[in-house]
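Undergrad: Sequence isn't available, so here's the structure alone:
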């Protein structure tokens, strides 16, 4: 399969930037904490100098709620991984890992086996920037996949993946950049890998209403919704990562069901605003809700 689910690292840097910004918030106000994010952000020293409040304000000028959207996605996955690995999952596979640092920052169980899957060049860049003596490093296996002549299933098995152990898989912020055939192929491989065990799968997707009715992908009164959509899509294309695939909730559910997965949750920032931001006095107004991407949890 030549259509890789793993692309360049432009968006990975962008997400790391938002994690760095959130980490600068006061401990009683922040939603997530990533002490390693600065290693992967150009201009990290300038962001640190500006601080959390000014950095978030500048992001709001680009798109209200954009920062909170990405941070709520991070927090949602953090909690899912922590809950899953505390209760049943014995393996964690991070698909398209990029600059994900969950293996080191979440205090995961020491017996948990973690597989980070990505392109060799992305992994090389990441590993060159990682600080020494990271927590849990001994439990991380880096699995490189070149889809021109390798499969995800075989590479994971070659890396020590145990098909008999319950596993959690996460595919964060990727589906919009690749074809639907690539997503289907990937989920089919996950099903093959877990025929004799249980599995939890996280996937995020961009709502197909972004093209048909962009206002519905934001809160009531969100400023210039259609224009913001076009700006975001153009910026993604400019860095070589255009958005090409969009889904409805029904389509995602049908696709996952075809491979034996049942959707348990489907959330957006609109659902998580009161859960994460209200308790720390940072509730977003309706006209700041950025909800064009959904966070889905499915189980098999």
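TA: It's in. Since the model is a prediction, treat every value here as computed from it, not as a measurement.

Undergrad: For the stretch 151-300 of the chain, just list every one of the helices.
TA: Using DSSP state H, counting those that start in this stretch, the helices assigned to the stretch 151-300 of the chain run over residues 152-158, 180-193, 209-212, 225-238, 249-258, 269-272.

Undergrad: The second one vs helix 249-258, what angle?
TA: Helix 180-193 runs at 40 degrees relative to helix 249-258, counting by axes from the mean of the first three to the mean of the last three CA atoms, to 10 degrees.

Undergrad: Show the contacting residues for the residue most central in space within the chain.
TA: Using CA atoms, centre = their mean, the residue of the chain that lies closest to the mean C-alpha position is residue 172, 2.5 Å off. Residue 172 sits next to 73, 77, 96, 100, 202, 204 when contact means CB atoms under 8 Å, 6 or more residues apart in numbering. C-beta here means a position set from N, CA and C on the backbone, and glycine is covered the same way.

Undergrad: roughly how far is the top helix by length along the chain from the heart of the chain?
TA: Counting residues, the longest helix found in the chain (DSSP state H) is helix 66-87. Its chain's average C-alpha position is 9 Å from that of helix 66-87, according to CA atoms, centre = their mean, to the nearest Å.

Undergrad: swap in stretch 160-179?
TA: Taking CA atoms, centre = their mean, one finds the center of stretch 160-179 at 11 Å from the center of the full chain.

Undergrad: got the buried residues for that stretch?
TA: 161, 165-178 (16 or more other CB atoms under 10 Å).

Undergrad: what sits up against stretch 79-86?
TA: The set of residues external to stretch 79-86 that reach it, using CB under 8 Å, 6+ apart, is 92, 102, 106, 108-109, 112, 168, 170, 200, 202, 297.

Undergrad: of those, buried ones?
TA: Listed as buried from the contacts of stretch 79-86 are 92, 102, 106, 108, 112, 168, 170, 200, 202, 297; burial here means 16+ other CB under 10 Å.

Undergrad: neighbours of residue 254, just the number please.
TA: By the other CB atoms under 10 Å criterion, the neighbourhood of residue 254 contains 12 residues.

Undergrad: Could you tell me how far it is located from residue 31?
TA: Between residue 254 and residue 31 the distance, using CB to CB, to the nearest Å, works out to 32 Å.

Undergrad: now swap in residue 103 and tell me
TA: When distance is defined by CB to CB, residue 103 is 20 Å away from residue 31.

Undergrad: List the buried residues of stretch 284-296.
TA: Judged by neighbour count (16+ other CB under 10 Å), stretch 284-296 contains these buried residues: 284, 288-296.

Undergrad: can you give me the end-to-end distance of stretch 144-156?
TA: With CA to CA, to the nearest Å as the measure, the first residue of stretch 144-156 is 9 Å from its last.

Undergrad: Residue 78 - how many residues pack around it?
TA: 17.

Undergrad: That one and residue 273, how far apart?
TA: With distances defined as CB to CB, the gap from residue 78 to residue 273 amounts to 17 Å.

Undergrad: Buried ones in stretch 215-223, by neighbour count?
TA: By 16+ other CB under 10 Å, the buried positions in stretch 215-223 come out as 217-219, 222.

Undergrad: Likewise for stretch 121-140?
TA: By neighbour count on 16+ other CB under 10 Å, the buried set for stretch 121-140 is 122-123, 125-126, 130, 136, 139-140.

Undergrad: which residues of the stretch 101-250 of the chain score low on pLDDT?
TA: Counting by pLDDT under 70, the stretch 101-250 of the chain contains low-confidence ranges at 146-149.

Undergrad: Next, find the distance separating residue 262 from residue 153.
TA: In this structure, residue 262 lies at 22 Å from residue 153, with CB to CB as the measure.

Undergrad: wait, residue 35 sits on residue 105?
TA: Yes - with contact defined as CB atoms under 8 Å, residue 35 counts as touching residue 105 (6.6 Å).

Undergrad: okay, these two: which has more neighbours?
TA: Ranked by neighbour count (other CB under 10 Å), residue 35 and residue 105 place residue 105 first, with 20 against 13.

Undergrad: Spatially nearest residue to the more buried one (excluding sequence neighbours)?
TA: Using CB to CB, 6 or more residues apart in numbering and skipping residues adjacent in sequence, the residue nearest residue 105 is residue 34, 5.7 Å away.

Undergrad: ok, now which ones touch that neighbour?
TA: Residues in contact with residue 34, defined by CB under 8 Å, 6+ apart, are 16, 19-20, 22-23, 74, 101, 105.

Undergrad: doesn't it fall inside a helix?
TA: No - when the secondary structure is assigned by DSSP: H, G, I helix; E, B strand; the rest coil, residue 34 falls in coil instead of a helix.
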